[in-house]
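**Student:** Could you look at this predicted model? Sequence included:
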Amino acid sequence: MSYYDKTVKFPLDLPFLQPKQEELQQINHDPQYIVNQVGKNKYIRKIFRNVIYTEYEQQNLDKFKIFLEEQQTNKHQKNENDTFILPEGIQEGDLLKILYGGKFKFQKALENLKINIEWRNDISFHKLENYKEEILKQGLIYLMGRDIQFRPVIVLDAEKLPKQTDQETQNIVLKSICYFLDQIRYAMFYGGKIENWIIFIDTNGMGITSLPKDLIMKVVKLLQINYGGTLHKLCLLNPSTMLSFTWAIAKAFIDEDTNKKINFYKPKEYTKLLKLIDPNQLEQKYGGIRENIDEFWPIPQNFIHKQLENEEIQDQNNSSTTQQCDNSLISNYDDNQGNQEIESAATRLLEKRRKMYVIHEDFEKEKMAFKKKEEEFKGLEEEIKKDDIEIQMNLIKACKELQENETKKIRSEKRKKEEEQLKSQKEDEIKKIKIEIAKYEEQQKSLEKRVESLKKYEVYLDGVIKQHGDQYSDLTEILNRYKTLSQSNENLVEEHKNLEKKQEELKHQSIIFNKEKQSQILQLQNDIKDMTKKLEEKKNERNRLQESLEQTNQESSNKNLDLGRILMAIDNIHNKCNEGMQKIKQDYEEATKNQNKIVEKQNQKNQQTVTKKNKQPENNIEKEESFEEKSKKAEIKLEKIKNFMDDFKNILDGCRQAQLQQQQEQYYR
């Protein structure tokens with residue numbers, strides 16, 4: 001399975017379409033059919049697999065492979081987005097088809113390969129869907145049979161092509177055609193034997209204007225790029241006269257290979273199709289004996305493999321017809337001589353033999369007459385072909401003459417338009433020149449009038465020379481004197497203007513300066529007023545601050561007095577707590593332990609002496625310490641007082657509980 005066979009991702013089970021081995025053995029292609037050299041380094045190839053390539057093809061194949069590798073490495077190194085990966089399984093025959101499609105130009109072949117890979121990876125072209133099945137059932141494209149070389153014969157009904165030209169409708173038609181062609185190629189092609197097909201386009205007499213040209217061009221482009229090297233013949237059936245005439249004109253501008261592939265057949269020329277296709281594989285509407293197909297999809301299974309059987313049956317029928325002919329002649333002759341019952345058996349046998357020889361001679365005469373008629377008909381057919389060729393050549397000549405006349409007409413019209421444009425330009429130029437001439441004539445008249453008006457000045461200057469001959473000997477001296485005086489006058493006028501400009505500038509500057517200074521004075525006066533206001537505000541604020549300071553000093557002194565009293569009270573309580581604690585300890589120890597009274601009293605005295613000694617320097621230090629430190633110490637003392645109170649409470653509770661226990665013990669005793 002090649003690269004192109006892998007495009008059929010969803011193949012149908014169509015074993016009846018596959019060629020049999022005995023059919024493949026009958027296919028023997030002419031070497032010129034496989035590859036035909038039509039010029040220097042120009043070939044036409046129809047078989048690409050299981051064959052040997054020419055030296056020119058092999059060299060270009062090797063160069064194209066190197067070119068593809070270089071393209072892949074260069075694009076990858078440049079990190080470009082349009083990089084492509086050569087698909088796996090692609091064979092030399094597939095690459096050669098791409099090269100033929102690009103006319104052995106590597107860049108064009110690379111572009112076609114990219115388009116083919118993109119088309120191949122788009123699964124919507126190769127998968128059977130409901131809309132594709134509906135189009136195929138309508139008979140837009142269907143399989144009619146096979147030709148004498150077992151190539152598939154496909155019919156495309158142009159009348160069933162949609163008239164809508166929107167992109168979506170065209171894509172639906174193209175995808176349906178692609179799916180159908182994929183299935184035919186997958187089932188009916190065989191490498192090295194069957195690699196081409198014949199396509200009929202039935203125009204049904206439609207004109208050029210009614211045919212969807214855009215869609216047909218897209219179908220042709222699709223076949224060229226994605227199904228390259230598969231077209232054997234393209235037959236346009238039942239063309240209109242306008243289409244035939246257009247093709248006769250366009251035929252002269254198309255290469256010979258394309259002309260050989262494309263053929264036009266009118267209904268009266270359908271008999272020519274029998275040279276390509278067996279009658280039992282050709283529909284009756286195209287001149288064959290096969291019934292017209294009305295069920296297009298799925299593909300019918302009752303006509304593909306009957307070609308060999310029909311040929312054998314046809315040979316048997318031909319032999320039986322000749323035998324029937326002989327028997328009929330003998331029976332007719334016997335009827336004419338049938339009532340001779342009196343003769344003997346020997347004479348009857350001789351008569352039968354004589355009759356047989358006579359009948360054989362008559363049969364040979366009729367056979368010779370038939371051959372003569374056949375030769376005459378062949379001669380007439382050749383004459384008709386020659387006449388047809390002459391008509392075609394005359395038509396081509398007439399078309400060429402029409403084209404030449406049309407080109408001459410176009411050229412003459414262009415020349416006419418150009419000459420008319422030049423004429424109009426020249427007329428415009430003449431009008432402009434006439435207008436300029438009229439202007440110059442008016443200027444000349446005005447100058448002449450001015451000269452006449454200035455003659456009196458000339459007369460006056462001549463009189464001045466006569467009166468003042470000692471100063472001015474000639475008219476030029478007067479003119480020079482006038483020039484110098486006028487120039488000096490102009491200089492003085494310019495200086496005067498400059499001085500006036502400077503004066504105005506200075507006035508303007510002085511005005512601006514005065515305005516600026518006045519504005520500065522006003523601004524300074526305003527600033528002085530603002531500063532005096534601020535000064536008064538600051539004085540008032542200072543008085544308020546002094547008053548508030550006195551109040552705060554008075555309050556702070558009062559607070560300090562209160563704080564001192566509080567601190568003294570805290571000290572007194574602290575001292576009393578220390579003294580009271582010693583007394584409570586003594587009472588408790590006397591109650592519980594009488595033996596240690598003397599020791600505890602001595603310890604109490606020692607503690608009192610120590611505390612007295614420690615209090616005197618503390619008092620002296622407190623006088624020198626600040627209120628913050630005193631307050632911190634007061635907090636510590638308050639914490640001690642709290643602890644004393646808590647301990648005292650706990651002691652009282654313990655004493656009460658001890659008394660209660662003693663009372664209970666005495667009660668139970």
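**Tutor:** Structure's in. What do you need? Numbering: from 1, shown residues only.

**Student:** which secondary structure elements does the lengthiest helix in the chain contact?
**Tutor:** Counting residues, the longest helix found in the chain (DSSP state H) is helix 345-467. Contacts defined by 3 or more CB pairs under 8 Å, 6 or more residues apart in numbering; DSSP states H and E place helix 345-467 against helix 241-250, helix 307-336, helix 475-592. Glycine gets a C-beta too; all of them are placed from N, C-alpha and C.

**Student:** Please list the residues outside the first one that contact it.
**Tutor:** Counting contacts by CB atoms under 8 Å, 6 or more residues apart in numbering, the residues outside helix 241-250 that touch it are 203, 207-208, 236, 239, 262, 264, 266, 392, 395-396, 399, 403.

**Student:** same deal with stretch 161-179?
**Tutor:** Under CB under 8 Å, 6+ apart, the answer for stretch 161-179 is 119, 124-128, 131-132, 135-136, 140-141, 156, 211-212, 214-216, 218-219, 222, 226.

**Student:** sorry, back to before: just give me the lowest mean pLDDT stretch among the helices and strands packed on helix 345-467.
**Tutor:** When the helices and strands packed on helix 345-467 are compared on mean pLDDT, helix 307-336 scores lowest, with a mean of 45.

**Student:** domain parsing for this protein?
**Tutor:** As assigned by automatic domain parsing, the chain contains the domains 5-11+20-302, 337-464, 524-668.

**Student:** Quick one: closest of those to T484.
**Tutor:** Comparing the domains of the chain against T484 with CB to CB, the closest turns out to be domain 337-464 (16.1 Å).

**Student:** hang on, the earlier thing: please flag which of the contacts of stretch 161-179 sit within helices.
**Tutor:** With helices defined by DSSP H, the entries of the contacts of stretch 161-179 inside them are W119, Y131, K132, I135, L136, D214, L215, I216, K218, V219, L222, N226.

**Student:** Point me to the helix or strand that includes the residue nearest to the fourth one when sequence neighbours are not counted.
**Tutor:** The one in question is I135. Distances taken as CB to CB, 6 or more residues apart in numbering place S176 nearest to I135, at 4.3 Å, with adjacent residues excluded. S176 belongs to helix 167-188 when assigned by DSSP states H and E.

**Student:** rewinding a little: pick the most buried one from the domains of the chain.
**Tutor:** Most buried of the domains of the chain by mean neighbour count (mean count of other CB atoms under 10 Å) is domain 5-11+20-302; its value is a mean of 16.

**Student:** Ends of stretch 283-297, what's the gap?
**Tutor:** 16 Å (CA to CA, to the nearest Å).

**Student:** do stretch 153-172 as well
**Tutor:** Terminal residues of stretch 153-172 are spaced 23 Å apart (CA to CA).

**Student:** So for that stretch, mean pLDDT?
**Tutor:** Rounded mean pLDDT across stretch 153-172 is 84.

**Student:** now it, how far from the centre of its chain.
**Tutor:** 25 Å (CA atoms, centre = their mean, to the nearest Å).

**Student:** how about JSON lines for the domains of the chain, with distance to K502 added?
**Tutor:** Output for those, formatted as JSON lines (distance: least, CB to CB, whole Å):
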{"stretch": "domain 5-11+20-302", "distance to K502": "71"}
{"stretch": "domain 337-464", "distance to K502": "38"}
{"stretch": "domain 524-668", "distance to K502": "32"}
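
**Student:** worst average pLDDT in those?
**Tutor:** Of all these, the minimum mean pLDDT falls on domain 524-668 (a mean of 74).

**Student:** Taking helix 241-250 as reference, get the angle to the longest helix of the chain.
**Tutor:** Angle, helix 345-467 to helix 241-250, by axes from the mean of the first three to the mean of the last three CA atoms, to 10 degrees: 70 degrees.

**Student:** what angle sits between helix 345-467 and helix 475-592?
**Tutor:** Going by the same axes, to 10 degrees, helix 345-467 makes 110 degrees with helix 475-592.

**Student:** how far does helix 345-467 sit from the chain's center?
**Tutor:** On the basis of CA atoms, centre = their mean, helix 345-467 sits 45 Å off its chain's mean C-alpha point.

**Student:** And stretch 482-498, by the same measure?
**Tutor:** In terms of CA atoms, centre = their mean, the gap separating the centre of stretch 482-498 from the centre of its chain is 78 Å.

**Student:** Okay, and L61 sits in which element?
**Tutor:** Secondary structure assignment for L61, by DSSP H and E: helix 55-78.

**Student:** Residues touching the helix or strand following that helix, excluding its own?
**Tutor:** If you walk from helix 55-78 toward the C-terminus, the next helix or strand you reach (DSSP H and E) is helix 92-101. With CB under 8 Å, 6+ apart as the contact definition, helix 92-101 has outside contacts at 2-4, 45, 48-49, 53, 57, 60-61, 64-65, 109, 112-113, 116, 224-225, 228-229.
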